[in-house]
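# Pasting a predicted model and its sequence here:
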Amino acid sequence: MAWRSVFVSFDNLTEPCCGLLRFQLSAILRRKSTNIRLSPTPKTPSYSYFHWMKINMGSTSSGRFMEIIVLAIILTATTTATMEAAQAKARCQSQCGNLSVPYPFGTEDGCFMDTQFFIKCDESVEPPKALLQNSTIDVLHIDLDAGELRILNWAGSDCYNSSGSSFRFSTWLRSGLYNISSTKNKLTAIGCDTYAFITGSIGQDYATGCLSLCDEISDVINESCSGIGCCQASIPRGVRDYEISLASYYNHARVLSFNPCSHAFVVEEGEYEFSASHLNNSGEDWKLPMILDWTIGDQSCSEAKKDPETYACKENTICREPENGNGYLCKCGNGLQGNPYLSNGCQDIDECETLRPCSSTCHNTFGGFYCSCPKGYEGDGRRDGSGCSPIVNHHNWKLHITQTAIG
(Lines give C-alpha, C1' and ligand atoms only; values in the text may rest on other atoms or scores of the structure.)
Protein backbone atom coordinates (compact mmCIF):
# COMPACT_ATOMS: atom_id res chain seq x y z
CA MET A 1 0.00 0.00 0.00
CA ALA A 2 1.65 3.28 -1.15
CA TRP A 3 1.00 6.39 0.89
CA ARG A 4 1.99 9.93 0.05
CA SER A 5 1.78 12.74 2.59
CA VAL A 6 0.61 16.26 1.83
CA PHE A 7 1.26 18.97 4.42
CA VAL A 8 -1.56 21.52 4.38
CA SER A 9 -1.99 24.47 6.77
CA PHE A 10 -5.40 24.86 8.40
CA ASP A 11 -4.47 27.55 10.93
CA ASN A 12 -7.53 28.81 12.84
CA LEU A 13 -9.97 26.69 10.84
CA THR A 14 -12.76 24.67 12.34
CA GLU A 15 -13.67 21.05 11.74
CA PRO A 16 -16.52 21.90 9.32
CA CYS A 17 -13.88 23.25 6.93
CA CYS A 18 -11.89 20.05 7.17
CA GLY A 19 -15.07 18.04 6.66
CA LEU A 20 -15.65 19.94 3.41
CA LEU A 21 -12.09 19.24 2.31
CA ARG A 22 -12.58 15.54 2.99
CA PHE A 23 -15.77 15.57 0.95
CA GLN A 24 -14.25 17.38 -2.04
CA LEU A 25 -11.22 15.09 -2.09
CA SER A 26 -13.43 12.04 -1.79
CA ALA A 27 -15.36 13.20 -4.85
CA ILE A 28 -12.15 13.42 -6.88
CA LEU A 29 -11.00 9.99 -5.78
CA ARG A 30 -14.36 8.20 -5.67
CA ARG A 31 -13.58 5.99 -8.64
CA LYS A 32 -10.09 5.11 -7.39
CA SER A 33 -8.89 2.71 -4.73
CA THR A 34 -7.79 5.68 -2.65
CA ASN A 35 -8.25 6.52 1.00
CA ILE A 36 -7.81 9.84 2.78
CA ARG A 37 -6.65 10.34 6.33
CA LEU A 38 -6.79 13.81 7.84
CA SER A 39 -5.48 14.28 11.36
CA PRO A 40 -4.35 17.25 13.47
CA THR A 41 -0.69 17.57 14.40
CA PRO A 42 -0.49 20.60 16.70
CA LYS A 43 3.17 20.21 17.68
CA THR A 44 5.41 21.60 14.94
CA PRO A 45 8.73 23.46 15.11
CA SER A 46 7.07 26.75 14.12
CA TYR A 47 4.29 26.32 16.70
CA SER A 48 1.56 26.74 14.08
CA TYR A 49 -1.41 24.44 13.66
CA PHE A 50 -1.47 22.15 10.67
CA HIS A 51 -3.07 18.98 9.39
CA TRP A 52 -1.33 16.07 7.75
CA MET A 53 -3.26 14.61 4.86
CA LYS A 54 -2.20 11.07 4.01
CA ILE A 55 -3.36 9.74 0.67
CA ASN A 56 -3.21 6.09 -0.33
CA MET A 57 -2.45 6.48 -4.00
CA GLY A 58 -3.09 2.91 -5.14
CA SER A 59 -3.37 3.21 -8.93
CA THR A 60 -3.88 6.98 -8.83
CA SER A 61 -1.84 8.80 -11.46
CA SER A 62 0.61 11.57 -10.68
CA GLY A 63 -1.70 13.97 -12.52
CA ARG A 64 -4.57 13.13 -10.19
CA PHE A 65 -2.20 13.48 -7.23
CA MET A 66 -1.39 17.03 -8.38
CA GLU A 67 -5.12 17.73 -8.75
CA ILE A 68 -5.56 16.74 -5.10
CA ILE A 69 -2.77 19.06 -3.97
CA VAL A 70 -4.12 21.98 -6.02
CA LEU A 71 -7.65 21.47 -4.64
CA ALA A 72 -6.33 21.30 -1.08
CA ILE A 73 -4.37 24.53 -1.54
CA ILE A 74 -7.32 26.34 -3.17
CA LEU A 75 -9.76 25.26 -0.47
CA THR A 76 -7.33 26.15 2.29
CA ALA A 77 -6.50 29.57 0.85
CA THR A 78 -10.15 30.41 0.13
CA THR A 79 -11.47 29.36 3.53
CA THR A 80 -8.55 30.98 5.35
CA ALA A 81 -9.15 34.29 3.57
CA THR A 82 -12.87 34.17 4.40
CA MET A 83 -12.26 33.36 8.05
CA GLU A 84 -9.54 35.99 8.49
CA ALA A 85 -11.71 38.67 6.88
CA ALA A 86 -14.32 37.98 9.54
CA GLN A 87 -11.81 37.79 12.38
CA ALA A 88 -10.21 41.23 12.31
CA LYS A 89 -11.93 44.57 12.79
CA ALA A 90 -12.87 46.34 9.55
CA ARG A 91 -9.93 48.04 7.79
CA CYS A 92 -7.48 46.57 10.31
CA GLN A 93 -4.45 44.37 9.78
CA SER A 94 -5.50 40.75 10.29
CA GLN A 95 -2.08 39.14 9.94
CA CYS A 96 1.38 39.76 11.37
CA GLY A 97 3.84 37.34 9.85
CA ASN A 98 2.54 33.85 10.62
CA LEU A 99 0.08 35.07 13.28
CA SER A 100 -3.61 35.73 12.63
CA VAL A 101 -4.66 38.72 14.76
CA PRO A 102 -8.41 38.56 15.53
CA TYR A 103 -10.31 41.29 17.37
CA PRO A 104 -10.27 42.12 20.35
CA PHE A 105 -6.55 42.02 19.50
CA GLY A 106 -5.07 44.44 17.01
CA THR A 107 -1.80 45.89 15.77
CA GLU A 108 -2.65 49.61 15.64
CA ASP A 109 -4.82 52.25 17.29
CA GLY A 110 -8.53 51.73 16.73
CA CYS A 111 -8.04 48.04 15.99
CA PHE A 112 -7.85 46.57 19.51
CA MET A 113 -10.38 46.67 22.34
CA ASP A 114 -7.93 48.17 24.84
CA THR A 115 -4.18 48.23 25.42
CA GLN A 116 -4.26 44.75 26.96
CA PHE A 117 -4.93 43.42 23.45
CA PHE A 118 -2.26 45.38 21.59
CA ILE A 119 0.03 43.24 19.42
CA LYS A 120 3.14 44.99 18.18
CA CYS A 121 3.99 43.86 14.66
CA ASP A 122 7.73 44.16 14.10
CA GLU A 123 8.07 44.47 10.33
CA SER A 124 11.81 45.13 10.45
CA VAL A 125 12.36 41.36 10.23
CA GLU A 126 11.18 38.84 7.65
CA PRO A 127 8.69 37.39 8.23
CA PRO A 128 7.27 40.09 10.54
CA LYS A 129 7.26 39.14 14.21
CA ALA A 130 4.27 39.56 16.55
CA LEU A 131 5.18 40.79 20.03
CA LEU A 132 3.07 41.02 23.18
CA GLN A 133 2.32 44.72 23.65
CA ASN A 134 5.69 46.57 23.70
CA SER A 135 7.72 43.65 25.08
CA THR A 136 10.18 41.28 23.41
CA ILE A 137 7.85 38.30 23.97
CA ASP A 138 6.88 36.48 20.77
CA VAL A 139 3.18 35.72 20.28
CA LEU A 140 2.71 32.38 18.50
CA HIS A 141 -1.05 31.88 18.52
CA ILE A 142 -4.25 33.60 19.66
CA ASP A 143 -7.16 31.31 20.57
CA LEU A 144 -10.51 33.13 20.70
CA ASP A 145 -12.54 30.13 21.86
CA ALA A 146 -10.24 29.08 24.71
CA GLY A 147 -9.17 32.60 25.68
CA GLU A 148 -5.49 31.75 25.39
CA LEU A 149 -2.27 33.25 24.09
CA ARG A 150 0.64 31.01 23.16
CA ILE A 151 3.92 32.87 23.61
CA LEU A 152 7.66 32.24 23.66
CA ASN A 153 9.47 33.27 26.83
CA TRP A 154 13.10 33.12 27.93
CA ALA A 155 14.61 30.53 30.23
CA GLY A 156 16.63 31.67 33.25
CA SER A 157 20.14 30.32 33.85
CA ASP A 158 22.69 30.25 36.67
CA CYS A 159 26.17 29.21 35.49
CA TYR A 160 29.48 28.65 37.32
CA ASN A 161 33.16 28.39 36.43
CA SER A 162 36.02 26.58 38.17
CA SER A 163 36.58 29.45 40.61
CA GLY A 164 32.98 29.24 41.80
CA SER A 165 31.92 32.55 40.25
CA SER A 166 28.51 32.66 38.66
CA PHE A 167 26.84 34.55 35.85
CA ARG A 168 23.07 34.61 35.55
CA PHE A 169 20.30 35.19 33.08
CA SER A 170 17.18 35.83 35.10
CA THR A 171 13.68 35.32 33.75
CA TRP A 172 10.53 37.09 34.73
CA LEU A 173 7.20 38.08 33.25
CA ARG A 174 4.96 41.03 33.88
CA SER A 175 1.83 39.76 32.22
CA GLY A 176 -0.49 42.60 33.20
CA LEU A 177 -4.07 41.39 32.84
CA TYR A 178 -3.07 37.92 31.61
CA ASN A 179 -3.08 34.91 33.91
CA ILE A 180 -0.41 32.25 33.55
CA SER A 181 -2.35 29.07 32.83
CA SER A 182 -2.21 26.82 35.88
CA THR A 183 -3.50 23.81 33.94
CA LYS A 184 -1.30 24.01 30.84
CA ASN A 185 2.10 25.14 32.17
CA LYS A 186 4.76 23.74 34.49
CA LEU A 187 7.69 25.31 36.30
CA THR A 188 10.66 23.26 35.11
CA ALA A 189 14.24 23.27 36.46
CA ILE A 190 17.31 21.53 35.04
CA GLY A 191 20.56 20.77 36.86
CA CYS A 192 22.35 18.41 39.24
CA ASP A 193 22.93 21.03 41.96
CA THR A 194 19.81 23.08 41.51
CA TYR A 195 16.85 24.47 43.31
CA ALA A 196 14.44 26.82 41.60
CA PHE A 197 11.45 28.71 42.86
CA ILE A 198 8.91 31.00 41.31
CA THR A 199 7.56 34.00 43.19
CA GLY A 200 4.71 36.26 42.27
CA SER A 201 1.37 37.66 43.29
CA ILE A 202 -2.17 36.28 43.25
CA GLY A 203 -3.64 38.95 45.46
CA GLN A 204 -0.97 38.04 47.99
CA ASP A 205 2.65 36.99 47.58
CA TYR A 206 3.34 33.33 46.89
CA ALA A 207 6.32 31.06 46.20
CA THR A 208 6.68 27.49 44.99
CA GLY A 209 9.50 25.49 43.46
CA CYS A 210 11.39 22.23 43.07
CA LEU A 211 14.78 20.63 43.72
CA SER A 212 16.97 18.68 41.29
CA LEU A 213 20.13 16.79 42.33
CA CYS A 214 22.47 14.12 40.90
CA ASP A 215 26.11 13.05 41.36
CA GLU A 216 26.91 11.49 38.00
CA ILE A 217 25.55 12.02 34.53
CA SER A 218 24.86 8.28 34.44
CA ASP A 219 22.22 8.88 37.14
CA VAL A 220 20.15 10.97 34.75
CA ILE A 221 17.17 9.48 32.93
CA ASN A 222 16.27 11.10 29.61
CA GLU A 223 12.66 12.30 29.21
CA SER A 224 12.14 12.14 32.98
CA CYS A 225 11.63 15.17 35.25
CA SER A 226 11.41 13.34 38.58
CA GLY A 227 14.09 15.25 40.51
CA ILE A 228 17.25 13.66 39.10
CA GLY A 229 18.66 16.24 36.72
CA CYS A 230 15.23 17.72 36.09
CA CYS A 231 12.22 18.63 38.24
CA GLN A 232 8.82 20.22 37.76
CA ALA A 233 6.25 22.02 39.90
CA SER A 234 2.68 23.16 39.29
CA ILE A 235 1.76 26.82 38.82
CA PRO A 236 -0.78 28.23 41.31
CA ARG A 237 -4.14 29.35 39.93
CA GLY A 238 -4.56 33.03 39.09
CA VAL A 239 -0.88 34.00 38.82
CA ARG A 240 -0.10 37.08 36.73
CA ASP A 241 3.36 38.50 37.42
CA TYR A 242 6.19 36.13 38.30
CA GLU A 243 9.95 35.89 38.72
CA ILE A 244 12.05 32.72 38.69
CA SER A 245 15.05 32.43 41.00
CA LEU A 246 17.82 29.83 40.78
CA ALA A 247 20.33 28.76 43.40
CA SER A 248 22.96 26.09 44.02
CA TYR A 249 24.14 24.28 47.15
CA TYR A 250 27.79 23.85 46.11
CA ASN A 251 28.18 26.27 43.17
CA HIS A 252 28.11 23.21 40.90
CA ALA A 253 31.65 22.34 42.07
CA ARG A 254 30.85 18.63 42.39
CA VAL A 255 29.25 18.37 38.95
CA LEU A 256 31.08 21.12 37.05
CA SER A 257 32.60 18.72 34.51
CA PHE A 258 29.22 17.86 33.02
CA ASN A 259 26.81 20.42 34.52
CA PRO A 260 28.10 23.99 34.89
CA CYS A 261 24.65 25.59 34.71
CA SER A 262 21.19 25.42 36.22
CA HIS A 263 18.18 26.42 34.12
CA ALA A 264 14.56 27.16 34.95
CA PHE A 265 11.51 28.25 32.97
CA VAL A 266 7.74 28.11 32.78
CA VAL A 267 6.81 25.95 29.80
CA GLU A 268 3.66 24.60 28.21
CA GLU A 269 3.08 21.10 29.54
CA GLY A 270 4.28 18.47 27.09
CA GLU A 271 6.41 20.92 25.08
CA TYR A 272 9.72 20.28 26.83
CA GLU A 273 11.48 16.92 26.75
CA PHE A 274 14.44 16.60 29.10
CA SER A 275 17.74 15.27 27.79
CA ALA A 276 21.03 14.73 29.63
CA SER A 277 22.72 16.87 26.96
CA HIS A 278 20.84 19.90 28.33
CA LEU A 279 22.93 19.73 31.52
CA ASN A 280 25.93 21.06 29.59
CA ASN A 281 24.04 23.86 27.83
CA SER A 282 24.60 27.54 28.67
CA GLY A 283 20.92 28.28 28.04
CA GLU A 284 21.56 31.79 26.69
CA ASP A 285 19.27 31.38 23.70
CA TRP A 286 16.55 29.19 25.22
CA LYS A 287 13.01 30.34 24.50
CA LEU A 288 10.12 28.00 25.22
CA PRO A 289 6.35 28.13 24.63
CA MET A 290 3.94 28.87 27.44
CA ILE A 291 0.21 29.60 27.69
CA LEU A 292 -1.38 32.78 29.04
CA ASP A 293 -5.10 33.04 29.78
CA TRP A 294 -6.91 36.23 28.78
CA THR A 295 -10.40 37.51 29.50
CA ILE A 296 -12.51 40.60 28.94
CA GLY A 297 -12.27 42.85 32.00
CA ASP A 298 -12.74 41.50 35.51
CA GLN A 299 -16.55 41.33 35.72
CA SER A 300 -18.72 38.22 35.65
CA CYS A 301 -21.14 37.66 32.75
CA SER A 302 -24.15 38.78 34.77
CA GLU A 303 -22.40 41.97 35.87
CA ALA A 304 -21.09 42.79 32.38
CA LYS A 305 -24.53 42.37 30.76
CA LYS A 306 -25.91 45.20 32.89
CA ASP A 307 -24.06 47.72 30.71
CA PRO A 308 -24.88 47.05 27.02
CA GLU A 309 -22.48 49.81 25.95
CA THR A 310 -19.40 48.03 27.28
CA TYR A 311 -20.60 44.40 27.09
CA ALA A 312 -18.23 42.73 24.61
CA CYS A 313 -20.34 39.78 23.43
CA LYS A 314 -22.24 40.65 20.25
CA GLU A 315 -25.42 39.12 18.79
CA ASN A 316 -25.88 35.33 18.61
CA THR A 317 -23.19 34.70 21.22
CA ILE A 318 -22.81 32.98 24.57
CA CYS A 319 -21.00 34.51 27.56
CA ARG A 320 -18.91 32.22 29.73
CA GLU A 321 -16.66 32.66 32.74
CA PRO A 322 -13.19 31.04 32.80
CA GLU A 323 -11.94 28.81 35.59
CA ASN A 324 -8.59 30.58 35.92
CA GLY A 325 -9.23 34.12 37.12
CA ASN A 326 -11.86 36.84 36.74
CA GLY A 327 -13.53 38.35 33.69
CA TYR A 328 -15.53 36.69 30.93
CA LEU A 329 -15.21 35.32 27.39
CA CYS A 330 -17.57 35.24 24.43
CA LYS A 331 -18.24 32.42 21.99
CA CYS A 332 -20.51 32.01 19.00
CA GLY A 333 -23.76 30.17 19.65
CA ASN A 334 -24.28 26.53 18.70
CA GLY A 335 -24.09 25.93 14.97
CA LEU A 336 -22.31 29.25 14.38
CA GLN A 337 -18.70 30.19 13.79
CA GLY A 338 -16.63 33.35 13.53
CA ASN A 339 -15.71 36.18 15.87
CA PRO A 340 -18.14 36.75 18.78
CA TYR A 341 -16.56 40.14 19.58
CA LEU A 342 -17.57 41.71 16.23
CA SER A 343 -21.04 42.78 15.09
CA ASN A 344 -22.37 40.09 12.74
CA GLY A 345 -19.21 38.19 13.52
CA CYS A 346 -20.96 34.87 14.16
CA GLN A 347 -22.11 33.26 10.94
CA ASP A 348 -24.14 30.14 10.33
CA ILE A 349 -22.34 26.88 9.61
CA ASP A 350 -23.98 25.10 6.69
CA GLU A 351 -23.83 21.62 8.18
CA CYS A 352 -25.50 20.18 5.08
CA GLU A 353 -22.48 21.20 2.99
CA THR A 354 -19.69 20.74 5.50
CA LEU A 355 -20.74 17.65 7.44
CA ARG A 356 -23.07 15.82 5.00
CA PRO A 357 -25.01 14.45 7.99
CA CYS A 358 -28.14 13.22 6.19
CA SER A 359 -28.67 10.05 4.21
CA SER A 360 -31.53 11.73 2.33
CA THR A 361 -32.55 15.42 2.24
CA CYS A 362 -30.72 17.91 4.47
CA HIS A 363 -32.27 21.25 5.48
CA ASN A 364 -29.90 23.89 6.84
CA THR A 365 -31.28 26.26 9.49
CA PHE A 366 -29.69 29.16 11.33
CA GLY A 367 -27.56 27.49 13.96
CA GLY A 368 -28.56 23.95 13.03
CA PHE A 369 -30.06 21.55 10.49
CA TYR A 370 -32.57 18.74 10.17
CA CYS A 371 -32.94 15.72 7.92
CA SER A 372 -36.08 14.46 6.20
CA CYS A 373 -37.02 11.29 4.36
CA PRO A 374 -38.82 11.15 0.98
CA LYS A 375 -42.51 10.28 0.75
CA GLY A 376 -43.12 6.63 1.56
CA TYR A 377 -40.08 6.43 3.85
CA GLU A 378 -39.66 6.90 7.58
CA GLY A 379 -36.78 7.48 10.04
CA ASP A 380 -34.63 10.35 11.23
CA GLY A 381 -32.78 10.59 7.91
CA ARG A 382 -29.38 10.85 9.60
CA ARG A 383 -26.29 8.94 8.57
CA ASP A 384 -25.47 8.35 12.23
CA GLY A 385 -29.07 7.50 13.11
CA SER A 386 -31.83 5.28 11.77
CA GLY A 387 -31.64 6.75 8.25
CA CYS A 388 -34.66 6.26 5.96
CA SER A 389 -36.56 2.98 5.48
CA PRO A 390 -39.66 2.15 3.38
CA ILE A 391 -42.91 2.44 5.31
CA VAL A 392 -44.58 -0.98 5.70
CA ASN A 393 -48.42 -0.85 5.62
CA HIS A 394 -49.15 -3.25 8.50
CA HIS A 395 -52.97 -2.76 8.22
CA ASN A 396 -53.21 -4.10 4.64
CA TRP A 397 -50.83 -6.94 5.48
CA LYS A 398 -53.03 -8.13 8.39
CA LEU A 399 -56.19 -7.86 6.26
CA HIS A 400 -54.66 -10.01 3.53
CA ILE A 401 -53.72 -12.72 6.04
CA THR A 402 -57.24 -12.72 7.50
CA GLN A 403 -58.91 -13.04 4.10
CA THR A 404 -56.63 -15.89 3.13
CA ALA A 405 -57.42 -17.79 6.32
CA ILE A 406 -61.19 -17.46 5.83
CA GLY A 407 -60.98 -18.59 2.24
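Now that the structure is in, tell me what you want to look at.

# for residue 258, what are its contacts?
192, 217, 279-280 (C-beta atoms under 8 Å, 6 or more residues apart in numbering). No exception for glycine: its C-beta is placed from N, CA and C like everyone else's.

# Show the pLDDT at the closest residue to it other than its chain neighbours.
Of all residues beyond its chain neighbours, the one nearest residue 258 is residue 217 (4.6 Å), with distances taken as C-beta to C-beta, 6 or more residues apart in numbering. pLDDT, residue 217: 92.

# Over to the one 10 residues further on?
According to the predicted model, the pLDDT of residue 227 comes to 93.

# which residue ranges form the helices in the chain?
Applying DSSP state H to the chain gives helices spanning 15-29, 62-87, 301-304, 351-354, 394-406.

# and the ones you listed, which one is worst for confidence?
Taking the mean pLDDT of each of those, the lowest value is held by helix 15-29, a mean of 42.

# In the chain, which residue is most central in space?
Centre of the chain computed as the mean C-alpha position; nearest residue by C-alpha atoms, centre = their mean is residue 143, 6.3 Å away.

# what's the pLDDT at that residue?
For residue 143, the model assigns a pLDDT of 96.

# check contacts around it.
149-150.

# ok, now the one 5 residues further on?
Contacts for residue 148 were tallied using C-beta under 8 Å, 6+ apart; they are 141-142, 181, 184, 291-294.

# now residue 132
Contacts of residue 132 (C-beta under 8 Å, 6+ apart): 119-120, 138-139, 149, 151.

# Now neighbour count and distance to residue 358 too, for the contacts of residue 148, in JSON lines please.
Compiled in JSON lines, these are given as follows (neighbours: other C-beta atoms under 10 Å; distance: C-beta to C-beta, whole Å):
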{"residue": "141", "neighbour count": "20", "distance to residue 358": "35"}
{"residue": "142", "neighbour count": "22", "distance to residue 358": "35"}
{"residue": "181", "neighbour count": "25", "distance to residue 358": "40"}
{"residue": "184", "neighbour count": "20", "distance to residue 358": "38"}
{"residue": "291", "neighbour count": "25", "distance to residue 358": "39"}
{"residue": "292", "neighbour count": "24", "distance to residue 358": "42"}
{"residue": "293", "neighbour count": "27", "distance to residue 358": "39"}
{"residue": "294", "neighbour count": "24", "distance to residue 358": "39"}
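
# Which pair of those residues spans the longest distance?
142 and 184 (14.9 Å; C-beta to C-beta).

# ok, how many other residues are close to the closest residue to residue 296 other than its chain neighbours?
Excluding its sequence neighbours, the residue lying closest to residue 296 (C-beta to C-beta, 6+ apart) is residue 312, at 4.6 Å. By the criterion of other C-beta atoms under 10 Å, residue 312 has 19 neighbours.

# Also the one 3 residues further on?
Other residues within reach of residue 315, judged by other C-beta under 10 Å, total 10.

# From what I see, it and residue 342 are in contact.
No - under the criterion of C-beta atoms under 8 Å, residue 315 lies out of contact with residue 342, with a separation of 10.0 Å.

# Next one: the closest residue to residue 352 other than its chain neighbours from residue 371, what distance?
Nearest residue to residue 352, sequence neighbours excluded (C-beta to C-beta, 6+ apart): residue 362, at 3.7 Å. Here the criterion is C-beta to C-beta, to the nearest Å. By it, residue 362 lies 6 Å from residue 371.

# shared neighbours of those two, which are they?
With contacts taken as C-beta under 8 Å, 6+ apart, residue 362 and residue 371 have residue 381 as neighbours in common.

# Average pLDDT for stretch 118-127, rounded please.
According to the model, stretch 118-127 has a mean pLDDT of 95.

# Give me the distance between the two termini of it.
With C-alpha to C-alpha, to the nearest Å as the measure, stretch 118-127 spans 19 Å from end to end.

# same thing with stretch 187-199?
Length of stretch 187-199, first residue to last, C-alpha to C-alpha: 11 Å.

# The residue nearest to residue 352 touches residue 373, doesn't it?
No - contact status for residue 362 versus residue 373: not in contact, 11.4 Å apart, counting by C-beta under 8 Å.

# Show me whatever sits in contact with both of those two.
Counting by C-beta under 8 Å, 6+ apart, the residues touching both residue 362 and residue 373 are residue 381.

# before we move on, the earlier item: quick one: the residue nearest to the centre of the chain from residue 224, how far?
From residue 143 across to residue 224, the span is 30 Å (C-beta to C-beta).

# got it, and residue 238?
Spatial separation of residue 238 from residue 224 under the definition C-beta to C-beta is 30 Å.

# Please apply the same query to residue 285.
In this structure, residue 285 lies at 24 Å from residue 224, with C-beta to C-beta as the measure.

# same deal with residue 198?
Per C-beta to C-beta, residue 198 is found 21 Å from residue 224.

# quick one: which of the two has more around it?
Taking other C-beta under 10 Å, residue 198 and residue 224 do not tie; residue 198 has more neighbours (26 against 12).

# Pairing partners for the more buried one in the sheet, please.
Residues in a beta bridge with residue 198, per DSSP bridges, are residue 208, residue 244.

# check contacts around residue 231.
Residues in contact with residue 231, defined by C-beta under 8 Å, 6+ apart, are 188-189, 194, 196, 210-212, 225.

# Repeat the analysis, applying 7 Å as the threshold.
Counting by C-beta atoms under 7 Å, 6 or more residues apart in numbering, residue 231 touches 189, 210-212, 225.
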